[in-house]
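Asker: Below is the sequence, then the predicted model.
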Amino acid sequence: MIFRAVTLHLNDPELYSSYSDYLTKLSSKLNSLSARVVLPKAYDEVSLDLKAAYSGRGSKAFEIAWNLLKSGYFTSISLSSDPSEIYRASEFLFRISEELGPEYATMFALGSGEPPETPYFPLTKSENFGLSFSLLYPSDLYGALTEAEEPDLTLRYALSRVFGEAERRVEEAVGELGEAVPIIGIDFSLSPWMEESAAEVVSLVARSPFLGPGTPSALLEINEAILESSEGMRRIGFNETMLPMAEDDLLKELSLRLEMRARDLALLTPYCLAGLDMVLLPLSVGREDLAKLIRDVIASSRVKGRTIGLRIILADAEPGEQIELRRFGKVPVMMP
């Protein structure tokens, strides 16, 4: 298990200078892949590259988001189910990719409701002062699930060990540094990073290739296991399976071979946090069809009864081609 992110949430941006060194020390002590900060609004003194602020909802939110993106912030907007607002969101995604570039689109998310406090960007916000943490643990599950006769029991046992270790290490590290910074919690979501593939875990639980029979039920099984295994722990955020295409080598491979379309991931939205996350589509998809994809995912959130996010990147390339994205390397363009 690796700490994917150590995140400082500030309800007052001016506190950043007082706690930036502390954040760096804590991230180093936990050998975290990244240190991040979430603020209630933009603040010029923030030196971290990974910084986020929520843009809100309504017509003004689009301009707030535009200015935050230009200032280097990750951000998100909450959408209603109103068709005109969804179409405006589609146009906004085209504007980001065409005027700022595809990499800026990786920093922006659309949400079906208010984002939670979570270390996962961009769908986050800051209401309280304190720390949150995210984990990277797919490879901790591979071996046990490959050999397991009863994957569901094995999964719960493996998750309990990973989560218990994470909570213990967080409490020890915060205690050793000695500053009074509260722990808001850990987001125990199963998330990938390249060869650490969440889609591979889904396949092992389903006992079939990803998107094959059993994929939706495996996702549901994993999500229930995450919640059960983290019961009673310091839990915040989403605590579900995440399937960001550009961050998962198996999903990238399926997309490159044109064996998976964006709509395939969209259909999984009721079973995981973001069935349409870090998806790269051709500019030729058109605003109307993109709005339909957004509408489908927003509709899924009503079925699920909780906030769902989308990150869609548009590029001047065709399905099966690849483009280079900073932080993510070569990423294939998907078929809609």
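Answerer: Arrived safely, thanks for sending. Residues are numbered from 1 along each chain as shown.

Asker: okay, CA-based contacts and neighbour counts for the rest of this
Answerer: Noted.

Asker: quick one: buried residues of the lengthiest helix in the chain?
Answerer: When the chain is parsed with DSSP state H, its longest helix is helix 151-177. By neighbour count with 16 or more other C-alpha atoms under 10 Å, helix 151-177 contains the buried residues 151-152, 154-156, 158-160, 162-163, 166-167, 170, 173-174.

Asker: next one: stretch 36-48
Answerer: Applying 16+ other C-alpha under 10 Å to stretch 36-48 flags 36, 37, 38, 39, 40, 41, 42, 43, 46 as buried.

Asker: swap in stretch 83-103?
Answerer: Quick answer for stretch 83-103 (16+ other C-alpha under 10 Å): 86-87, 89-98, 102-103.

Asker: Over to stretch 144-152?
Answerer: By 16+ other C-alpha under 10 Å, the buried positions in stretch 144-152 come out as 144, 145, 151, 152.

Asker: Touching, the first one and residue 156? I think so.
Answerer: No: with the criterion set as C-alpha atoms under 8 Å, residue 144 and residue 156 do not qualify as a contacting pair; they are 10.8 Å apart.

Asker: any idea which helix or strand comes after the strand or helix carrying residue 226?
Answerer: Residue 226 belongs to helix 215-229 when elements are defined using DSSP states H and E. Scanning forward in sequence from helix 215-229 by DSSP H and E, the next helix or strand is helix 249-256.

Asker: before we move on, the earlier item: now do the longest helix of the chain against helix 215-229, angle only.
Answerer: Helix 151-177 runs at 40 degrees relative to helix 215-229, counting by axes from the mean of the first three to the mean of the last three C-alpha atoms, to 10 degrees.

Asker: which strands and helices sit next to helix 151-177?
Answerer: Secondary-structure packing of helix 151-177 (3 or more C-alpha pairs under 8 Å, 6 or more residues apart in numbering; DSSP states H and E): helix 16-29, helix 138-147, helix 215-229.

Asker: how far does that helix sit from the chain's center?
Answerer: Offset of helix 151-177 from its chain centre (C-alpha atoms, centre = their mean, to the nearest Å): 20 Å.

Asker: likewise stretch 291-301?
Answerer: For stretch 291-301, the distance to the chain centre is 17 Å (C-alpha atoms, centre = their mean).

Asker: got a list of contacts for it?
Answerer: Residues outside stretch 291-301 that contact it (C-alpha atoms under 8 Å, 6 or more residues apart in numbering) are 81, 83, 86-87, 89-90, 111-112, 263, 266, 269-270, 275-276, 307-308, 310.

Asker: Just the buried ones from the residues you listed, in ChimeraX syntax?
Answerer: Under the burial definition 16+ other C-alpha under 10 Å, those of the contacts of stretch 291-301 that qualify are selected in ChimeraX by:
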select :86,87,89,90,111,112,263,266,269,270,275,276,307,308,310
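
Asker: didn't residue 124 look like it was pressed against residue 116?
Answerer: Yes: Residue 124 lies in contact with residue 116 (C-alpha under 8 Å); the separation is 5.6 Å.

Asker: helix/strand/coil for the residue most central in space within the chain?
Answerer: Nearest to the mean C-alpha position of the chain, by C-alpha atoms, centre = their mean, lies residue 120 at 5.1 Å. Here residue 120 takes the coil state, with states given by DSSP: H, G, I helix; E, B strand; the rest coil.

Asker: So what does the residue nearest to it when sequence neighbours are not counted have for phi and psi?
Answerer: Nearest non-adjacent residue to residue 120, counting by C-alpha to C-alpha, 6 or more residues apart in numbering: residue 134, 7.3 Å away. When read as degrees, to the nearest 10, the backbone of residue 134 gives phi -130, psi 160.

Asker: so what's residue 134 bridging to?
Answerer: With DSSP bridges as the criterion, residue 134 is bridged to residue 5, residue 187.

Asker: can you start the count at 19 instead of 1 from here on
Answerer: I'll keep to 19 as the first residue from here, and by that count the last item is residue 152.

Asker: returning to what we had before: more crowded one of residue 142 and residue 134?
Answerer: residue 142 (25 against 16; other C-alpha atoms under 10 Å).

Asker: What separation do you get for that one and residue 275?
Answerer: 33 Å (C-alpha to C-alpha, to the nearest Å).
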